[in-house]
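*Asks:* Just to be clear, the model below is a prediction. Sequence and coordinates:
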Amino acid sequence: MQNFEFVRPTSVADAVAALKGDEAQPMSGGQTLMPTMKARLAAPEILVSLTAIDEMKGVRKDGDQIWIGGGTTHATVARETAESYPALSSLAGRIGDPSVRSRGTIGGSIANNDPSACYPAGALGSGATIVTDRREIAADDFFQGMFMSALDEGEIVTAVKFPVPQKAIYQKFIQPASRFPLTAVFVAHFGDTVRVAVTGASSDGVFRWTEAEEALQGNFSADAVSGLSVSAAMMISDLHGSGAYRAQLTKVMTQRAVAALA
Amino acid sequence: MPKDGGIGSSTKRREDVRFLSGTGRYTDDINLHGQLYAHFVRSDVAHGKINGINADAAMAMPGVVRVFTAKDFEGVGGVPCGWQITSIDGSPMQEPKHPVLAEGKVRHVGDPIAVVVAESLGQARDAADALEIDIEMLPAVMDMKEAIKDGAPKVHDDLSSNLCYDWGFVEDNKDAVAKAIADADHVTTLELVNNRLVANPMEPRVAVGDYDMANDEHTLYTTSQNPHVIRLLMGAFVLGIPEHKLRVVAPDVGGGFGAKIFHYAEEAFCTFAAKQLRRPVKWTSSRSEAFMSDAHGRDHVTKIELAMDKDNNFTAIRTETYANMGAYLSTFAPSVPTWLHGTLMAGNYKTPLIYVNVKAVFTNTVPVDAYRGAGRPEATFQLERVIDKAARERGVSPIELRRQNFITEFPYATPVAVEYDTGDYHATMDRVLEMADHAGFEARAEQSKKNGKLRGFGIAHYIEACGIAPSNLVGQLGARAGLYESATVRVNATGSISVMTGSHSHGQGHETSFAQVVSEMIGIDATQVDIVHGDTSKTPMGMGTYGSRSIAVGGSAMVRATEKIIAKAKKIAAHLMEASEGDIELKDGQFTVAGTDKSVAWGDVTLAAYVPHNYPLEDIEPGLEETAFYDPANFTYPSGGYACEVEVDPDTGKVDVLSFSAADDFGNVINPMIVEGQVHGGVAQGFGQAMMENCAYDADGQLISASYMDYAMPRATDLPMFKVDHSCQTPCTHNPLGVKGCGEAGAIGSPPAFVNAVIDALHRGGHKVEHINMPLTPDRVWTAIQNS
Amino acid sequence: MNSIKLRVNGKEVTGQVEGRTLLVDFLRKDLRLTGTHVGCDTTQCGACVVHVNGEPVKACAMLAAEADGAEVATIEGQANADGSLSVVQQAFQDHHGLQCGFCTPGMVMAATALLKENPKPSEAEIREYLDGNICRCTGYHNIVKSIMAASGQDVPAMAAE
């Protein structure tokens, strides 16, 4: 990778100040950014590490919600939400592998919005709120297409707040090489509403499968989805799966999620 | 019971201690004083004309010592090919030059164009970005069948076409085979692809070149399976350095699987540049670089026809294969689809007539060469797949169809020019069916059905030709090298032994298993024997490790040298005990005189050899050191039966391997633990080929599986525990240990077992799918179900 | 350049590193601890796994500068004080859990981290935990056995002997 000036602020305010220049790039766990920089697909002049900011770490209750600092590692989330939000714990505990989970963070994953990442599905499926250094953004407004988000230049995800559904589950079908989701579905049941978020499948990144949500609201059973389908045309098609195959997986994973919860 | 440390015992590996404690010495662990770092600038297009390279800006970058391009290699030879194939019409194969750095044209993504050498790797890499390279893109030659049509763009402008050779084997059988197929009661035809793979040893390739000006001596440290072969090829054909001025060292090597057999441009570059710059030059491949610069494997497109009579006896086999050579001929590339593939087309079956046609084709892809099994997996896959299809078409059991056609009498001369010395195919079939509990399969299949899954059982049998190879034979077949092996057994004065072997260990555990053989022959503790390998300055000229040849050929050389040692030691012992040489016996490290209680210990004899005060100097020389070169009389023919049970999820196409059983006949076995480990690894690679791995290019020649993000390597969660067994043993009749070799079996026999199991599962679920090309990814399986 | 100070295998070390220097390069080049290997550039193969503050980390995906102040453990520090192999290392030798040895340091470090977190893992849990460690030689069979044995569980009872 190209060399850069390395700074490691200890507060959000200092990090935001350090990110003022055009050529500065924030890095949290770096599990995606470091390989990207090695491939010279990213070459910041200043790299602002977010790993020493204590105020961005931890998991705690925040009223009805769970507050998770943006700098909290997947391993910590998996451990500390095991009781309070098992579906989220399970999602976090299956990202990458144990070593990746020791470093990678929820804030980094959400800010990056990789179309095959797990956390965007968890956040969108839960109806989470993304907290930044300057505002709060509803997950529905945050994810704006592959690697695109509502974040402004230099804006940092400092925390994510999750409402806790009555029941939820994350069904993941892995891409056999990268072990990212080929298609994964997060289904959350809030009693009166159902949210279904799909990652890995669409060329627009994570999305809510609203037809399925509507069908499941009336009849929370795998059968409710059997007559539905997502359009193969909007799906990613690559070496590992055609659009039609990802469309199939979207449906099957949704059905299996519902069957496991029903 | 074998004795601990002796032949047949599962002795723990001595080399493990250094590997487990982080003190192994791999090539990248070597750092020489004053070392520079090389970064290769590689083509990002598949085919293009180099209009110009401007290195001025790069040269001005911090730390840059020099930028090399093809101009620096004028007068230097190309990377040579070690095997020549002759086409049906009698003409030699077309053999293009393979320059160290691209001359005028780039021919595959990854083709090296320039090298930046700098004080640090970071500086070299930074400067590479400043290099201005003007390349005019040309149409990429990708599809083999299109490539050999008239008017197709050419990979090499100076060749007449993209056809490297058109090989027929056995050409004299061609008409008889055609007639047998025309006259057959039934012909089963199958068209298939043997997918392109990347060997992916976990240690990427590394080369460190060093030059000693005072003595005009070159040293190359490299990740090689055969340092002497590299010395020969690089010294004689590329750089013109005589052997006595060139030392090649392959220290601990982190896996090879074929990819580290070949001589690569980076080795020649580092050796050359070290002399030019008078400083050591190091190159370490990144994994991404490995994907586009290590030779790939397989990549055949084949049509096979199997003819049968009314009773389902095989009467003829005809195959037509297009074999991808890539853009240049790698070291042994031409031999893989021909002599390592055509000669195995009889498999385990007594088919009287066989004809194999292979068209080798140049394309704008990375060169293709031997990868674990090399030719034999391709042969086995076709045969074992077409037999399953034939069984289905004829409504008979695939197991019985195999049994009915098994060769049962040995030696057996096949119609494809090889003679199997021993084997017992019914025994391995019986054993594997028992291991796999074939009898209980139907009940398990019922259970799967209840769970909404489709269960399938797949069987495959294989034969391979290992222990390559008789030099006079391979010479007639076009090899430009001999394929003997060497060993020097050096006994020290106190009786300890250093064995210098031409075989090379890069995971096979020779330091342990070779010591087991020598120590048992003499009757001393295995800890008294050290194995030295991987350094041309220490070992006699050896051909290295590949083709499951180490124990069969290298081990035999070591036995021969040890026999010479024992013969001489007996003479010394006879003198010491004032007995007749013919009465001396050696057992458990003691020389005795038959019928007496006289004895001398091994150590007394070895001491006498080096302190020859009381010694028959008039008859024999002092010292105790012997060398043997062993040239095998024939190939060895390991064989076995493999069975696999899978469950297919029809909604997702995902295949779970529930069990895998392997019953192999490797002849005698030196260290069962190591042999079993070799089978585990081979089966895992066969699984990778069958189910996951796919080296894929797009139509423009871009490599789209260029990292572990897209090239699917089997991981722990993908595989089950394996059942392996090697109790069926028909020892090789022509080498002193009766061994056959075990390194490649798993990768040869397992792919058809996996695929047969999946196809069986689909049929049981009512899906009439005849074939799916490997790898059987969930998408491909699901799509096949949809289309059935 | 960044000044860093950390503890590696219990010893305090200092260094001057570029921003881009990876932890694995600092270990291999500056400290000459060449037991930690690099097998890929996409954070997948796990040959470079070390422990940072007790957790498994891929040293190829962490900057040396980020390790300032950290406690790092590598394969070189795993043996017992008397130089004998650790329980995990010894189990790998006993059960032939390695062939070429290149992935082995990462495997041992991953296995050691697993057993700290889960002293009696099932076969499935072991396989799951090794998802970020690629071995090309063993087919994982004997690695799984080795880790089972290191955890004191009955290896001969495992399926498929």
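*Replies:* Ah, there it is. Residues are numbered from 1 along each chain as shown, chains lettered A, B, ... in the order given.
*Asks:* Show me the helices in chain C, by range?
*Replies:* Applying DSSP state H to chain C gives helices spanning C:23-25, C:87-94, C:104-117, C:123-129, C:141-150.
*Asks:* Same check on the stretch 301-450 of chain B?
*Replies:* B:376-394, B:398-405, B:425-435, B:441-450 (DSSP state H, counting those that start in this stretch).
*Asks:* between the longest one and helix B:398-405, how big is the angle?
*Replies:* Angle of helix B:376-394 versus helix B:398-405, following axes from the mean of the first three to the mean of the last three Cα atoms, to 10 degrees, is 110 degrees.
*Asks:* which one of the helices of the stretch 301-450 of chain B is the most hemmed in?
*Replies:* Per residue and on average, the most neighbours among the helices of the stretch 301-450 of chain B fall to helix B:376-394, with a mean of 25 (mean count of other Cβ atoms under 10 Å in any protein chain shown). Where you see a C-beta, it was placed from the backbone N, CA and C, and this is true even at glycine.
*Asks:* Which neighbouring elements make contact with that helix?
*Replies:* Counting by 3 or more Cβ pairs under 8 Å, 6 or more residues apart in numbering or on different chains; DSSP states H and E, the packing neighbours recorded for helix B:376-394 are strand B:186-194, strand B:300-308, strand B:314-326, helix B:398-405, strand B:454-463, helix B:745-764.
*Asks:* do that again at 10 Å, thanks
*Replies:* Counting contacts by 3 or more Cβ pairs under 10 Å, 6 or more residues apart in numbering or on different chains; DSSP states H and E, helix B:376-394 packs against strand B:186-194, strand B:300-308, strand B:314-326, strand B:353-362, helix B:398-405, strand B:454-463, helix B:672-687, helix B:745-764.
*Asks:* To chain A, which of those lies closest?
*Replies:* For chain A, the closest of the helices and strands packed on helix B:376-394 is helix B:672-687, at 11.6 Å, according to Cβ to the nearest Cβ.
*Asks:* And that closest one, what does it pack against?
*Replies:* Contacts defined by 3+ Cβ pairs under 10 Å, 6+ apart place helix B:672-687 against helix B:376-394, helix B:510-522, strand B:639-648, strand B:655-665, strand B:722-725, helix B:745-764, helix C:141-150.
*Asks:* Please produce JSON lines containing these, extended by mean pLDDT.
*Replies:* Listed next are the helices and strands packed on helix B:672-687 as JSON lines, based on pLDDT from 0 to 100:
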{"stretch": "helix B:376-394", "mean pLDDT": "98"}
{"stretch": "helix B:510-522", "mean pLDDT": "96"}
{"stretch": "strand B:639-648", "mean pLDDT": "98"}
{"stretch": "strand B:655-665", "mean pLDDT": "98"}
{"stretch": "strand B:722-725", "mean pLDDT": "97"}
{"stretch": "helix B:745-764", "mean pLDDT": "98"}
{"stretch": "helix C:141-150", "mean pLDDT": "98"}
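*Asks:* can you tell which of these is closest to B:Asp294?
*Replies:* Among these, the nearest to B:Asp294 by Cβ to Cβ is helix B:745-764 (16.6 Å).
*Asks:* Check whether the closest one comes near chain C.
*Replies:* Yes. Residues of helix B:745-764 contacting chain C under Cβ under 10 Å from any Cβ of the partner chain: B:Gly746.
*Asks:* Which positions in the helix or strand following that helix come out as buried?
*Replies:* Next helix or strand after helix B:745-764 toward the C-terminus (DSSP states H and E): helix B:778-787. For helix B:778-787, burial by neighbour count (16 or more other Cβ atoms under 10 Å in any protein chain shown) applies to B:778-785.
*Asks:* now helix B:778-787, how far from the centre of its chain.
*Replies:* Relative to its chain's centre, helix B:778-787 lies at 32 Å (Cα atoms, centre = their mean, to the nearest Å).
*Asks:* How many neighbouring residues does the nearest residue to B:Asn194 once chain neighbours are set aside have?
*Replies:* Nearest residue to B:Asn194, sequence neighbours excluded (Cβ to Cβ, 6 or more residues apart in numbering or on different chains): B:His300, at 4.1 Å. Counted by other Cβ atoms under 10 Å in any protein chain shown, the residues lying close to B:His300 total 27.
*Asks:* again, but for the one 3 residues further on
*Replies:* Taking other Cβ under 10 Å as the neighbour definition, B:Lys303 ends up with a count of 16.
*Asks:* a markdown table please, covering the buried residues of helix B:778-787 and showing pLDDT and distance to B:Ala608.
*Replies:* As requested, those are arranged in a markdown table below (pLDDT from 0 to 100; distance: Cβ to Cβ, whole Å):
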| residue | pLDDT | distance to B:Ala608 |
| --- | --- | --- |
| B:Pro778 | 98 | 70 |
| B:Asp779 | 98 | 72 |
| B:Arg780 | 98 | 69 |
| B:Val781 | 98 | 70 |
| B:Trp782 | 98 | 74 |
| B:Thr783 | 98 | 75 |
| B:Ala784 | 98 | 73 |
| B:Ile785 | 98 | 76 |
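*Asks:* which residue does the stretch 51-200 of chain A bring closest to chain C?
*Replies:* For the stretch 51-200 of chain A, Cβ to the nearest Cβ, closest residue to chain C: A:Asp97, 2.5 Å.
*Asks:* Show the contacting residues for that residue.
*Replies:* If you count contacts by Cβ atoms under 10 Å, 6 or more residues apart in numbering or on different chains, A:Asp97 has them with A:31, A:179, B:715, C:43-44, C:46, C:49, C:56, C:58, C:110, C:128-133.
*Asks:* of those residues, closest to B:Asp185?
*Replies:* The nearest member of those to B:Asp185, counting by Cβ to Cβ, is B:Arg715 at 46.5 Å.
*Asks:* now that closest one, nearest residue through space, not along the chain?
*Replies:* Nearest to B:Arg715 is C:Asp131, by Cβ to Cβ, 6+ apart, at 5.7 Å.
*Asks:* Report the contact partners of the one you found.
*Replies:* Counting by Cβ under 10 Å, 6+ apart, C:Asp131 has contacts A:94, A:96-100, A:174, A:179, B:715-718, C:44, C:46, C:110.
*Asks:* That one and B:His98, how far apart?
*Replies:* Counting by Cβ to Cβ, to the nearest Å, the gap from C:Asp131 to B:His98 is 39 Å.
*Asks:* With B:Lys12 instead?
*Replies:* Here B:Lys12 is placed at a distance of 43 Å from B:His98 (Cβ to Cβ).
*Asks:* Compare these two and say which is more crowded by neighbours.
*Replies:* B:His98 (24 against 18).
*Asks:* tell me the secondary structure for that one?
*Replies:* coil (DSSP: H, G, I helix; E, B strand; the rest coil).
*Asks:* The closest residue to C:Asn2 other than its chain neighbours - how many residues pack around it?
*Replies:* Spatial nearest neighbour of C:Asn2, excluding adjacent residues (Cβ to Cβ, 6+ apart): C:Ala65 at 4.5 Å. Neighbourhood size, C:Ala65 [other Cβ under 10 Å]: 24.
*Asks:* Could you report the pLDDT at C:Ala65?
*Replies:* As predicted, C:Ala65 sits at a pLDDT of 98.
*Asks:* Flag every residue of the stretch 101-250 of chain A that's near chain B.
*Replies:* Within the stretch 101-250 of chain A, the positions adjacent to chain B are A:116, A:173-180, A:182-183, A:237-242, A:244-246, A:248-249 by Cβ under 10 Å from any Cβ.
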